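Engineer: Got a predicted model here, sequence first, then my questions.
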Amino acid sequence: MKQEELAQRLSMELGREFSPAMIGKYELGTSMFSAETLKALARILGVSSDELLGGSAPRVWWEYNPQIVESVTLERQDTGSYGPQRMHEHVAFLRDMLLAPMEEENREMRKVLANVKSRVLELGKELGSVEDRPTRIGPDSDEIGLRIRYYRKRAGLTTNELASVISKGMGKNYSANLIAKYEKGFVRVGANVTAFLTKVFGISSDELLGLVSAEVDISGLLDFTDIVPTDTGSIRDLDLGSCSYGELKEHLSELYDVGDALAQESLRLKNRSLRLDSLLEFLQRERTSSGDNG
């Protein structure tokens, strides 16, 4: 397809003028197109928007969440200069002041999940079997601003937090006010911002732009057996007072591994919680809609 034809088809698709020169700038990377233009280009060229943006695989949303990313792995300290007493204090501190709160947080999150599960099942009884519903649910609108708002809230981010994440990741200042304007459709979203948001939200560009169906997979959401609690017994029940220096060093390595496992467990629980919340909101909307129709 020649630049002239592509410009003509874009103009017809979006209702505003595109020139072959503008297409040339897009191809050379000297001009950035909007998310709206990206969506139209994907349709016209018969490819996914992810392919147009380079085809990079999206990363899970929590990798960019400033409140969570630092807790994914525990920072390994250089303990080479630690004597026996300091090593003992360090291991005891990590075990009692770090692992215990992480364990408690995961236990509480499981209780929350169980509560949401019971509410989902209650609504399912009113509306029919949950298993009979679509396996993929999400935002109803194809407007990118509303979809950004949906995925931002699903990721548990405020507009301030999302602005901070984008600013840090893209090396340019973005404000909460600008995010709000994106979501309300007052400002066009650039393709570069679109590409970054897919990484933040852990979705594809096609999903964010509404080129494919919404992405929240609800299959298996009510089964928690795949999220097995981390076994901390080997560390928690240790009598550190009777350990030699060499044993303390071995236990420190084991403690770090257990801490990482607890952090990963927390992320899996958080992700399950967000997806369950999406299902619950979907069922609540259905109940409201069926009540209005009745």
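Structural biologist: Received it, and whenever you're ready, just let me know what you need. Numbers count the residues shown, from 1 in each chain.
Engineer: Would you check how far apart residue 12 and residue 18 are?
Structural biologist: Computed as CB to CB, to the nearest Å, the residue 12 to residue 18 distance reads 9 Å. Any C-beta I mention is one placed from the backbone N, CA and C, and that applies to glycine too.
Engineer: Of the two, which one has the most company?
Structural biologist: Higher neighbour count among residue 12 and residue 18: residue 18, with 21 against 11, using other CB atoms under 10 Å.
Engineer: shouldn't the more buried one be in contact with residue 5?
Structural biologist: No - shown here, residue 18 and residue 5 do not form a contact pair, counting by CB atoms under 8 Å, at 11.1 Å.
Engineer: Tell me the secondary structure of residue 248, please.
Structural biologist: Classification of residue 248 using DSSP: H, G, I helix; E, B strand; the rest coil returns helix.
Engineer: mind listing what the closest residue to it other than its chain neighbours touches?
Structural biologist: Distance criterion CB to CB, 6 or more residues apart in numbering; nearest residue to residue 248, sequence neighbours excluded, is residue 87 at 4.9 Å. By CB atoms under 8 Å, 6 or more residues apart in numbering, the contact set of residue 87 is 79, 245, 248-249, 252.
Engineer: got a markdown table for those residues, with distance to residue 47 too?
Structural biologist: Below are the contacts of residue 87 laid out as a markdown table (distance: CB to CB, whole Å):
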| residue | distance to residue 47 |
| --- | --- |
| 79 | 52 |
| 245 | 61 |
| 248 | 57 |
| 249 | 54 |
| 252 | 51 |
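Engineer: Select only the buried ones of those in ChimeraX?
Structural biologist: Buried members of these, defined by 16 or more other CB atoms under 10 Å, are picked up in ChimeraX with:
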select :248,252
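Engineer: so which one among the contacts of residue 87 has the lowest pLDDT?
Structural biologist: On pLDDT alone, residue 79 ranks lowest of the contacts of residue 87, at 84.
Engineer: Need phi/psi at residue 78.
Structural biologist: The phi/psi pair for residue 78 (degrees, to the nearest 10) reads phi -80, psi 110.
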